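Colleague: Can you look at this prediction? I've put the sequence above it.
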Amino acid sequence: WLVFIGIVIALRTFDLGVLHKDDHEISVRKNLLLSMGKITAALLFGAWVLWYLGAQGGMAYFTRFLIEKSLSMDNVFVIALNFHVLCHSQTLPAPCAFFWGILGVIALRAIMIALGATLVSQFSWVRYIFGIFLVFTGIKMWVIADHVPDIGNYPILKLLKRHLRVTEGFRGNAKANQIND
């Protein structure tokens, strides 16, 4: 686990510190190359798992890898929705902000998967509640697909604005002391 966590931290540091050090638009070609690099790293790790744990461990890793890749397609829809809102507000996040947002999503996903798995293992009827919630969320996204929400009226944003330094628009990687200048 320590080796795995170390590799993930090293790759994330390389991604943020070298590949996305400056604010710039990432071309489709570069994005495809980055994706291929990350998938290659995951496949190389899977090869190591196959070698170290044998056929059963390797098959379990690659099965989970394919399932995760399939399930991650929901992220495409969430990201598309976010970019839809951001494009209408004329603010696009810097790679750094995008990186921390993705990192936050990964952490929250891990928490929710652990919590959901625990609930389902203890109470099988919870699956029906989760299913109803997913159907409700899908219908709600479908109904408001053309509606751009007014993010400024969200209670959580109002709370954050009272307690943190928050700008009205995107200002790149400006430091907190530069925001009020």
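Modeller: Yep, that arrived. Just so it is clear, the structure is predicted and the values come from calculations on it, not from any experiment.
Colleague: Below-threshold pLDDT in the protein: ranges please.
Modeller: 20-26, 73-101, 145, 148-149, 167-181 (pLDDT under 70).
Colleague: if you go through it in chain order, where are the helices?
Modeller: 2-14, 28-71, 73-88, 95-122, 126-143, 155-163, 176-179 (DSSP state H).
Colleague: need those helices in JSON lines with mean neighbour count, can you?
Modeller: Just so you know, the C-beta spots here come from the backbone N, C-alpha and C atoms, and that holds for glycine as well. Output for the helices of the chain, formatted as JSON lines (neighbours: other C-beta atoms under 10 Å):
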{"stretch": "helix 2-14", "mean neighbour count": "11"}
{"stretch": "helix 28-71", "mean neighbour count": "12"}
{"stretch": "helix 73-88", "mean neighbour count": "11"}
{"stretch": "helix 95-122", "mean neighbour count": "12"}
{"stretch": "helix 126-143", "mean neighbour count": "10"}
{"stretch": "helix 155-163", "mean neighbour count": "10"}
{"stretch": "helix 176-179", "mean neighbour count": "9"}
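Colleague: Identify the residues contacting Ser27.
Modeller: Ser27 makes no contacts at all, as judged by C-beta atoms under 8 Å, 6 or more residues apart in numbering.
Colleague: meant to ask about Ala47
Modeller: Gly58.
Colleague: same question, Phe65
Modeller: Ala42, Leu43, Gly46.
Colleague: tell me, what residue is most central in the chain?
Modeller: Nearest to the mean C-alpha position of the chain, by C-alpha atoms, centre = their mean, lies Ile102 at 3.3 Å.
Colleague: now stretch 3-23, how far from the centre of its chain.
Modeller: Mean C-alpha position of stretch 3-23 versus that of the full chain (C-alpha atoms, centre = their mean, to the nearest Å) differs by 15 Å.
Colleague: Restricting to C-alpha, output that stretch in CSV.
Modeller: Taking C-alpha atoms only, stretch 3-23 is exported to CSV below (Å, rounded to 0.1, in the frame of the first residue of the first chain):
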residue,chain,number,x,y,z
VAL,A,3,4.4,1.8,-2.6
PHE,A,4,1.0,2.4,-4.3
ILE,A,5,0.3,5.6,-2.3
GLY,A,6,3.9,6.8,-3.1
ILE,A,7,3.4,6.2,-6.8
VAL,A,8,0.1,8.1,-6.8
ILE,A,9,1.6,11.0,-4.9
ALA,A,10,4.6,11.1,-7.2
LEU,A,11,2.4,11.0,-10.3
ARG,A,12,0.1,13.8,-8.9
THR,A,13,3.1,15.9,-8.0
PHE,A,14,4.6,15.4,-11.5
ASP,A,15,1.2,16.3,-13.0
LEU,A,16,0.7,19.5,-11.0
GLY,A,17,4.3,20.6,-10.6
VAL,A,18,5.7,19.8,-14.1
LEU,A,19,2.9,19.2,-16.7
HIS,A,20,0.5,21.9,-15.4
LYS,A,21,2.9,24.4,-13.8
ASP,A,22,1.6,27.4,-15.8
ASP,A,23,-1.9,28.4,-16.7
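Colleague: Perfect, I'm done here.
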